[in-house]
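Enquirer: My questions concern the predicted model and sequence given below.
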There are 6 protein chains.
Amino acid sequence: MKSKLRSAWDSGETAVNAWLSIPSSVTAELMSKQDFDSVTVDLQHGLNDYQTALVVLQAIAASDVTPMARPPWLEPGIIMKLLDAGALGIICPMVNTRADAEALVDYSHYAPVGGRSFGPTRAVIAHGADYHLHANDAVITLAMIETLQALENVADIATTPHLTGLYIGPSDLSLSMGYVPKLDHEEPAVLAAIEQILAAAHAAGIKAGIHCLAPAYAKRMRDMGFDLVTVSSDIRLLSAAVADTVNQMRD
Amino acid sequence: MKSKLRSAWDSGETAVNAWLSIPSSVTAELMSKQDFDSVTVDLQHGLNDYQTALVVLQAIAASDVTPMARPPWLEPGIIMKLLDAGALGIICPMVNTRADAEALVDYSHYAPVGGRSFGPTRAVIAHGADYHLHANDAVITLAMIETLQALENVADIATTPHLTGLYIGPSDLSLSMGYVPKLDHEEPAVLAAIEQILAAAHAAGIKAGIHCLAPAYAKRMRDMGFDLVTVSSDIRLLSAAVADTVNQMRD
Amino acid sequence: MKSKLRSAWDSGETAVNAWLSIPSSVTAELMSKQDFDSVTVDLQHGLNDYQTALVVLQAIAASDVTPMARPPWLEPGIIMKLLDAGALGIICPMVNTRADAEALVDYSHYAPVGGRSFGPTRAVIAHGADYHLHANDAVITLAMIETLQALENVADIATTPHLTGLYIGPSDLSLSMGYVPKLDHEEPAVLAAIEQILAAAHAAGIKAGIHCLAPAYAKRMRDMGFDLVTVSSDIRLLSAAVADTVNQMRD
Amino acid sequence: MKSKLRSAWDSGETAVNAWLSIPSSVTAELMSKQDFDSVTVDLQHGLNDYQTALVVLQAIAASDVTPMARPPWLEPGIIMKLLDAGALGIICPMVNTRADAEALVDYSHYAPVGGRSFGPTRAVIAHGADYHLHANDAVITLAMIETLQALENVADIATTPHLTGLYIGPSDLSLSMGYVPKLDHEEPAVLAAIEQILAAAHAAGIKAGIHCLAPAYAKRMRDMGFDLVTVSSDIRLLSAAVADTVNQMRD
Amino acid sequence: MKSKLRSAWDSGETAVNAWLSIPSSVTAELMSKQDFDSVTVDLQHGLNDYQTALVVLQAIAASDVTPMARPPWLEPGIIMKLLDAGALGIICPMVNTRADAEALVDYSHYAPVGGRSFGPTRAVIAHGADYHLHANDAVITLAMIETLQALENVADIATTPHLTGLYIGPSDLSLSMGYVPKLDHEEPAVLAAIEQILAAAHAAGIKAGIHCLAPAYAKRMRDMGFDLVTVSSDIRLLSAAVADTVNQMRD
Amino acid sequence: MKSKLRSAWDSGETAVNAWLSIPSSVTAELMSKQDFDSVTVDLQHGLNDYQTALVVLQAIAASDVTPMARPPWLEPGIIMKLLDAGALGIICPMVNTRADAEALVDYSHYAPVGGRSFGPTRAVIAHGADYHLHANDAVITLAMIETLQALENVADIATTPHLTGLYIGPSDLSLSMGYVPKLDHEEPAVLAAIEQILAAAHAAGIKAGIHCLAPAYAKRMRDMGFDLVTVSSDIRLLSAAVADTVNQMRD
């Protein structure tokens, strides 16, 4: 299966993850041709739903990137549908308790690990007829730590069996802590929380990822020890590029 | 932000709301060009899902109407997605208890009021870069009172902090009370329930809305004191108009 | 095959035709449930293209109406695609010369009558495995007479072998004649042209149809001898109905 | 309403059900033209969501088959939307307890039987203006028994008032029991479970259905007493046919 | 009507035009919110067809930019459909002769200027009920000069009555002249051709536009006297931005 | 570029081509995973248009098959759009004269060979930044010989410079010759025509392909010397498989 992400981890490298908010197979294919380790289609704040995620997952299949998805919420129906559609990783929003993390693992793995329902319709087309033999090992589950409640429970969450890692959503986390919601935060309290989550993941022997905006900040997070950094998103990159272009013209 | 609905309320007027059941940006744009105060895209009984709601919300953005949406159910994933897509109001079905109403408020507001996740992707495009500063004030939450259980709990629901108002679904309400499910009911018991809900809303200092079919009935509800009346829907209007046309031809 | 239109004609009745401008299978299905003889999906001024026409043709297949289509232009690719998609009639815009009319017949019939390419992919699903045996007899071709040039050539056009009939587009015809472009014209010169086209069709032993707006005008055309009258369209009906509703509310 | 499935049952016949995994109105229409008793659009492991299910339900409406749907999960929003879209049956995944079965019945029936919200927007177009009078009798609810937990609770589930029947998902059931997940199982323990579920359904006076792959196995299940057998699916049939064709060419 | 482009021209300014190749209403809306004078949806080399162009035209309607479109070819069907869909300008590829230019004018104007068929279905919704009174004045026609043949005929083309202007496609033009096909050419022969076309337009009293890539080059063209400059495109901007981001990460 | 088809030819093998009539990226991806040399998306009799062809071309990009397309007609706009979308071959219907064949070559090649407009938007994403350097060599043009007129002109057509080959459409050819339109014809006159076309291609040093239904017939054509054989299509394979399944159940 598309193991570029796991290969990066096996080599001790920090993976670079792309983020897809635009509901378009065209922009998705374009993004996947760049040298990312994984590409995540976002169904929460991204403007995707299942049907656009499906064509996005098809459009990025010609690349070697590991396809992942963020569901709108911790809900079994859509998580299983995304896995059946060929996603090899789930970045799940709002995992605030150990029970939430266990549910994520449960929805994402076949028995005996979990209760994922069997029917990997596109996964078999995309990843081969023996998909089901390897699915439980291949599927990546990243629990988003993005509230004060999650921060308090971070050790319990990190030690959930079969969970692959934690993923920090800095906007929600900072909002929950009473600060301006944004990426690439410099607020000391937010940075301390980020370090605490990173430490909790590594203490539990699992991975840690974080959503960043600027490459410079992402590299700082990489150097801090994160195993996966997301850099910006398709829609933010386009928005900034067009604004810059118009500004140059309107000078 | 698109404040035509709030302006009507600030002027003491009863707002007139349009209802979109057809999953088409074309009929939506056409409807939005008429002199409504708000336009609601319906994902419950309307034939819309998220992706059609998204293009509908785009298509009505050129008008000054306040865009709202009805989700399929009281579920955080889709409610937050609709708000991120630019809806400025949520008419939520089947709010039967105080806990339901609190959940609706929670899903629709950022901290510290609620737990809405941060990522207003299209809302920023549609409503401006400072959207998040005003979102909690701008977003309208209307709890649908449409069962006997909700009727019993109506005072508790109406006093839920940060709830904007109640919205009566007469079909479900009358069905729940043992009568024929329909709009524009004349059954005394149903009318009494309608008055009770209206009174509960106003006693709590919040708004009251109701779904109507005929303009005459809607005006009666307006005169009774409702703050918002929905008049028919795109699909009902088309259906009646074509039936009338064919009948004229087949005489 | 869906012969309601031909049955009406065989009984000497004037057929009533519905017009679909909205690119939606939902409004199409709704329209088709009313008592029309035929339903025409419009790819010229209607907001349809091939893919929406395809789902529209599927959505109206449960009704007994005869499905027809208006292509964007007299062009073989799209005319043949619409027939392969199951349309049993083509209302072709801008047939201004005998050569145009012959091209329309050519594109719409299999050899030896014409040069329609063979591959009735959905037509076989919708109309049965023996579709190709009956297609040349079943397919209806209506040439739109809607310019001064066409008016001058109307006798030549009307006598084109295998052409089913003429269809008047009053807006373009009146515009071409120097009048305001609109349906239900009362301008004597336009009415005279309409009568001339009707007479030319009947002199040639073929059918005559006309696009109307109000039922009263359509009935007048019926009484004048037209074999097919189109009454309004989905988008005009909806537009008028919603305007009327809002006007009642805003009184 | 489309009663072919109930007619088969009334005649004491085993119904043959088609399964739609491909999100396409074209393949759906093609499938519906064959001599099935019912056609089920699958939103769980099938690659459909609501919007594709809607056009699929429209595309199969010209056939006499009973339209059914499998939702992604036991969730009220999507179950009610599928019924409003015209599905006359719900095959619900992962019904593991009596409470699950009661929820399925609740979501699928109007008061006083259940709490289905009223607004049968397309159902009225497809099934007639009196749909709501007959909906509670017409709608079929089949609870999927596909885990060890469900097996333990099968008698409790089968006796749920107003439940139409049980439906076996052999892949999940065998996986839950520790065997290879697949259809047409020959493992004695799985066959014993299948017989137990069949017996529980019939003891409770309700129907039993099962998902099969090969016609031969489906006929064996029919002879064993099942009231409904699903035979393969659109995507499995296409996949097998194309593989067979290529193999013949590459010999 | 959306006259930002004409206002710029009336003020003697060089208009800045955005280019939409991605078939997405989301990226289109985002682009339209920037300070462009016009936005052109491209159906030729852009990945759009009519149906995506329609939702794009709706999505950019909330901005004050003048909406334009490039059809796939000089063909009446699609040009008229784009105008009916609300485009107020047509940038037509491969106008190589005076006859081509006259055809473009003919397809884009109502009688008596041209032969555009009447039925401005969405144009009326977007631009008002009196659209047809102003359409002939409002609609902009830009003939693409992009071959050696066109270069030879440029004076004849430029003097076509009612043509708004010429638009240079530097990639095709340079390819036709035997050079590498690209934007922002520095080849003297290509620059000479560009100047020749600009001069021909201005000699005829019409506008001249050119497709550019870098803002610096676009400003050079502006300073050279062009009335409209296109700067890059949505897909090129995104592609460059993501490549730059990945390069920063992979350093 | 995806050279599996050319590799087969270079090895002296007969290529096996898949045919896509269903407008679905799902069935397309499934088909492409089988061991075909090329896959052709059909926009003529297949139920595809540009937008579905685009997602189909994306969905088959993960396979090594050579992607091709059949346009609805010999028309420059759509042929260039399909090439820009990444198709590496065009199977063009109704090439009846040398001029038709020259037009096909013209539309499909950049200057100096032809007049293809420059803007390979997705082709660059799919086939690399140097696409334009190799496009004229890579793109395959197959002229469909499918009328008596084409048969008469076959030598002239076959010797058109830069044409890759001829492709026989047996249904139209037999219909044009006065026989039943079908594939796998056994009529001696049709077989003689097939041999004549094959001979004309090989005499001109170009390739010959033919559309077949049964693998046995396709192998016969292979053994007769054809360089490419199409075997059935997605929709025919599914249709036959489901009919066979139902027949087995209904015995």
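Expert: On my side now, so go ahead. Computed from a predicted model, the values in this text were never measured in an experiment.
Enquirer: quick one: contacts for residue A:184?
Expert: Residues near residue A:184 by C-beta atoms under 8 Å, 6 or more residues apart in numbering or on different chains: A:170, A:212-214, A:217. C-beta coordinates here come from the backbone N, C-alpha and C atoms, glycine included.
Enquirer: which among the residues you listed gets closest to chain C?
Expert: When the contacts of residue A:184 are ranked by distance to chain C (C-beta to the nearest C-beta), residue A:213 comes first, at 37.8 Å.
Enquirer: Is it correct that that closest one is in contact with residue A:171?
Expert: No: Residue A:213 is not in contact with residue A:171 according to C-beta atoms under 8 Å; the separation is 9.9 Å.
Enquirer: circling back: pull out the buried residues from the contacts of residue A:184.
Expert: Burial by neighbour count, judged by 16 or more other C-beta atoms under 10 Å in any protein chain shown, picks out A:170, A:212-213, A:217 from the contacts of residue A:184.
Enquirer: about what we covered before: narrow the contacts of residue A:184 to those in strands?
Expert: Using DSSP state E, the members of the contacts of residue A:184 that fall within strands are residue A:212.
Enquirer: which element is whichever residue of the stretch 1-150 of chain A sits closest to chain B on?
Expert: The stretch 1-150 of chain A approaches chain B most closely through residue A:45 (2.7 Å), counting by C-beta to the nearest C-beta. Under DSSP states H and E, no helix or strand contains residue A:45.
Enquirer: list the contacts for residue A:235?
Expert: By C-beta under 8 Å, 6+ apart, the neighbours of residue A:235 are A:21-22, A:46-47, B:121, E:26-27, E:30.
Enquirer: Dump those to a markdown table, plus distance to chain C and pLDDT.
Expert: As requested, these are arranged in a markdown table below (distance: C-beta to the nearest C-beta, whole Å; pLDDT from 0 to 100):
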| residue | distance to chain C | pLDDT |
| --- | --- | --- |
| A:21 | 25 | 98 |
| A:22 | 21 | 98 |
| A:46 | 25 | 98 |
| A:47 | 21 | 98 |
| B:121 | 26 | 98 |
| E:26 | 19 | 98 |
| E:27 | 20 | 98 |
| E:30 | 23 | 98 |
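Enquirer: and the residue most central in space within chain A, helix, strand or coil?
Expert: Nearest residue to the geometric centre of chain A (C-alpha atoms, centre = their mean): residue A:91, 3.9 Å. Of the three states, residue A:91 takes strand according to DSSP: H, G, I helix; E, B strand; the rest coil.
Enquirer: was I right about it contacting residue A:142?
Expert: Yes: assessed by C-beta under 8 Å, residue A:91 is found in contact with residue A:142 at 4.6 Å.
Enquirer: Find residues that contact each of the two.
Expert: In contact with both residue A:91 and residue A:142: A:68, A:167, A:209, using C-beta under 8 Å, 6+ apart.
Enquirer: give me the number of residues near the residue nearest to the first one when sequence neighbours are not counted?
Expert: Translated: residue A:68. Excluding the flanking residues, the one nearest residue A:68 by C-beta to C-beta, 6 or more residues apart in numbering or on different chains is residue A:89, at 3.3 Å. Close neighbours of residue A:89, defined as other C-beta atoms under 10 Å in any protein chain shown, add up to 28.
Enquirer: so what's residue A:89 bridging to?
Expert: Beta-bridge partners for residue A:89, by DSSP bridges, are residue A:68, residue A:140.
Enquirer: How about residue A:210?
Expert: Beta bridges link residue A:210 to residue A:168, residue A:229, judged by DSSP bridges.
Enquirer: I'd guessed it sits against residue A:191; true?
Expert: No: contact criterion C-beta under 8 Å: residue A:210 and residue A:191 do not qualify, at 11.2 Å.
Enquirer: Specify which residue of these two has the higher count of neighbours.
Expert: Neighbour tally, residue A:210 and residue A:191, criterion other C-beta under 10 Å: the higher count belongs to residue A:210, 27 against 13.
Enquirer: What distance do you get for the more buried one to residue A:202?
Expert: Counting by C-beta to C-beta, to the nearest Å, the separation of residue A:210 from residue A:202 is 13 Å.
Enquirer: Next: residue A:52.
Expert: 35 Å.
Enquirer: give me the number of residues near residue A:240?
Expert: 15.
Enquirer: Now it: closest residue in space, sequence neighbours ignored.
Expert: Among residues not flanking residue A:240 along the chain, residue E:241 sits closest, at 6.8 Å (C-beta to C-beta, 6+ apart).
Enquirer: Need phi/psi at that neighbour.
Expert: Backbone torsions for residue E:241, taken as degrees, to the nearest 10, come to phi -70, psi -40.
Enquirer: Look through the stretch 151-251 of chain A and state the residue closest to chain D.
Expert: For the stretch 151-251 of chain A, C-beta to the nearest C-beta, closest residue to chain D: residue A:162, 16.7 Å.
Enquirer: so what's that residue up against?
Expert: Residue A:162 neighbours (C-beta under 8 Å, 6+ apart): A:105, A:109, A:113-114, A:141.
Enquirer: State the distance from it to chain E.
Expert: Separation of residue A:162 from chain E (C-beta to the nearest C-beta, to the nearest Å): 29 Å.
Enquirer: Okay, and the beta partners of residue A:16?
Expert: So, taking DSSP bridges as the rule, residue A:16 has residue A:229 as bridge partners.
Enquirer: related to what we said a few turns ago, return the residues in contact with the residue nearest to residue A:68.
Expert: With contact set as C-beta under 8 Å, 6+ apart, residue A:89 has these partners: A:5, A:38, A:40, A:66-69, A:139-142, A:164.
Enquirer: Compare the contacts of residue A:162 and tell me which has the most neighbours.
Expert: Result: residue A:141 is most packed of these (other C-beta under 10 Å), 25 neighbours.
Enquirer: Show me the strands in chain A, by range?
Expert: Going by DSSP E, chain A shows strands at A:15-20, A:38-42, A:66-70, A:89-92, A:140-145, A:165-168, A:207-212, A:228-231.
Enquirer: From the structure, what's the count of residues near residue A:64?
Expert: 14.
Enquirer: Name the nearest residue to it, ignoring sequence neighbours.
Expert: Looking at residue A:64 with C-beta to C-beta, 6+ apart, the closest residue is residue A:4, at 5.1 Å.
Enquirer: quick one: the one you found and residue A:83, what's the gap?
Expert: Counting by C-beta to C-beta - residue A:4 and residue A:83 are separated by 18 Å.
Enquirer: Who has more neighbours out of these two?
Expert: residue A:83 (27 against 18).
Enquirer: OK, contacts around the more buried one?
Expert: By C-beta under 8 Å, 6+ apart, the contact list for residue A:83 reads A:90, A:108, A:116, A:120, A:123, A:135, A:139.
Enquirer: which one of those residues is nearest residue A:198?
Expert: residue A:90 (20.2 Å; C-beta to C-beta).
Enquirer: how close does that closest one get to residue A:138?
Expert: For residue A:90 relative to residue A:138 (C-beta to C-beta), the value is 12 Å.
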